[in-house]
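*Asks:* Sequence plus predicted model, see below.
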Amino acid sequence: MNSENDARIPVTLLTGFLGSGKTTLLNAMLRAPEMAGCAVLINEVGAIGIDHLLVEQVTEDVVLLESGCLCCTVRGEFSRSLRDLFMRRLRGEVKDLRRVVIETTGLADPAPVAHMLMRDFFLAERFRLDGIVTTVDARNVAWQLGQHEEAVRQVAMADRVVLTKCDLLDEEELADGEARVRRLNPLASQWRSRPGAMPEGLLTGMALYDPASKGEDVLRWLSETAAAEQTRLRTASAFGRRTASVSAVRHDERVETHVLRFTEPFTWPVFSDALDFILSLAGERILRIKGLVAIAGEPGPRVVHGVRQERYPSFSLPAWPDEDRDTRLVFIVRDVPLEALELGFKLRTEAASETTGE
Ligand SMILES: Nc1nc2c(ncn2[C@@H]2O[C@H](COP(=O)(O)OP(=O)(O)OP(=O)(O)O)[C@@H](O)[C@H]2O)c(=O)[nH]1
């Protein structure tokens, strides 16, 4: 069946390593007129979700998948959410559903998600995996592809790759990033991001996702997923119950997500200094930071982002996006205990308060 006379709802999988610009690209995509009628499923690991609060509310249908990493819990909340979406459309509660975009976590392996969309009978009859779009952080491409298997899989399985942070690099560095991507996946088309805009034609002409065009590795990952699924089904029927995970260990076990929460507002210089202190101590062991920070006297939170040791410009929201007014910081780290982060923050903010008398 060609995709033009296929009535199934196209699903785009938006993936990419930690901090590579998925949410930024998603916001740009949702502003594009051709994305009208798009529902969004956002998956986040960690005790709190922040990304869904930062997706601009141009679509009413933003669903947060928070019960764990999508690739590990694919049979649970993810398939349920897609089913619910379809049933709500049938009941007329979702008026216009022309596309679904699923933003995965930065550590997700796309293979189980792709496998589920292609093999689950209910879903495969109603939705079609249109394609996989992967964001690649041009500034950190060598580190990501060199050290993180998840990043390699995300690029290898992509139909379209968007190189991000291009505004921060020169032509030679960008060409190097593109060449690294091409070596892993010569068939994926590549785009360079432009701040605030969806790359032109990014989603046009994406036919059905075709794993066969992606090389042997991708076929192997998909078949490993299928084999794990068979084992799961056998185990499930043997014990008469369903289990949630497809694979016991899919991620680097040393990578953890910690959440710090503070009830008292900060002053910006004190917070900023404490965060810099943590970054200087933990260094390369910090993979990603993001959070909402309560600043005394400001009506909305400051949004902070960091990838490895680099902090990105923070910005203020005019109002809090939900009822919760606490500072919430998510740290994705390797080999950094939560207590070290807590202690670092405590020491530094207390010292600053003593100096300034706050
Ligand atoms: N200069 C610049 N900054 C960017 C670009 N794309 C993203 N960023 C910044 O990079 C940081 C991370 O971007 P996100 O869009 O949150 O990245 P993400 O992939 O959704 O992050 P996770 O969900 O944590 O994996 C933010 O501070 C963005 O503003 C870009 O093209 N140029």
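*Replies:* Everything's here; your move.

*Asks:* Which strand or helix spans the residue in the stretch 101-250 of the chain that the ligand sits nearest to?
*Replies:* Closest approach between the stretch 101-250 of the chain and the ligand, counting by C-beta to the nearest ligand atom: residue 106, at 3.0 Å. C-beta coordinates here come from the backbone N, C-alpha and C atoms, glycine included. Take DSSP states H and E as the rule and residue 106 turns out to sit in neither a helix nor a strand.

*Asks:* gap between it and residue 87?
*Replies:* 30 Å (C-beta to C-beta, to the nearest Å).

*Asks:* quick one: which of the two has more around it?
*Replies:* residue 106 (26 against 12; other C-beta atoms under 10 Å).

*Asks:* what about stretch 311-318 and the ligand, any contact?
*Replies:* Yes - Stretch 311-318 is in contact with the ligand by C-beta under 6 Å from any ligand atom, via residue 312.

*Asks:* Would you mind pulling the contact partners of that stretch?
*Replies:* 275-276, 279, 289, 292-293, 295, 298-306 (C-beta atoms under 8 Å, 6 or more residues apart in numbering).

*Asks:* okay, now residue 141: neighbour count?
*Replies:* Residue 141: 26 neighbours (other C-beta under 10 Å).

*Asks:* likewise residue 81?
*Replies:* If we define neighbours as other C-beta under 10 Å, then residue 81 has 18 of them.

*Asks:* The chain should start at 56 in everything you say after this.
*Replies:* That works, and once the first residue is 56, the last one we named lands at residue 136.

*Asks:* Now it. Its backbone dihedrals?
*Replies:* Residue 136 has phi and psi values of phi -60, psi -40 when expressed as degrees, to the nearest 10.

*Asks:* Contact partners for the residue nearest to residue 318 when sequence neighbours are not counted?
*Replies:* Counting by C-beta to C-beta, 6 or more residues apart in numbering, the nearest residue to residue 318 once its immediate chain neighbours are dropped is residue 381, at 5.4 Å. By C-beta under 8 Å, 6+ apart, the contact list for residue 381 reads 316-318, 349.

*Asks:* now do residue 187
*Replies:* Contact partners of residue 187, counting by C-beta under 8 Å, 6+ apart, are 67-68, 70, 165, 169, 212-215, 264.

*Asks:* which two in those are spaced the farthest apart?
*Replies:* Largest separation among the contacts of residue 187 by C-beta to C-beta: 169 and 215, giving 14.3 Å.

*Asks:* which of those two has more neighbours?
*Replies:* Legend: neighbour count by other C-beta under 10 Å for residue 169 and residue 215, higher for residue 169 (25 against 21).

*Asks:* I figured residue 83 was touching residue 255, is that so?
*Replies:* No - the criterion here is C-beta atoms under 8 Å, and residue 83 misses it with residue 255 at 11.2 Å.
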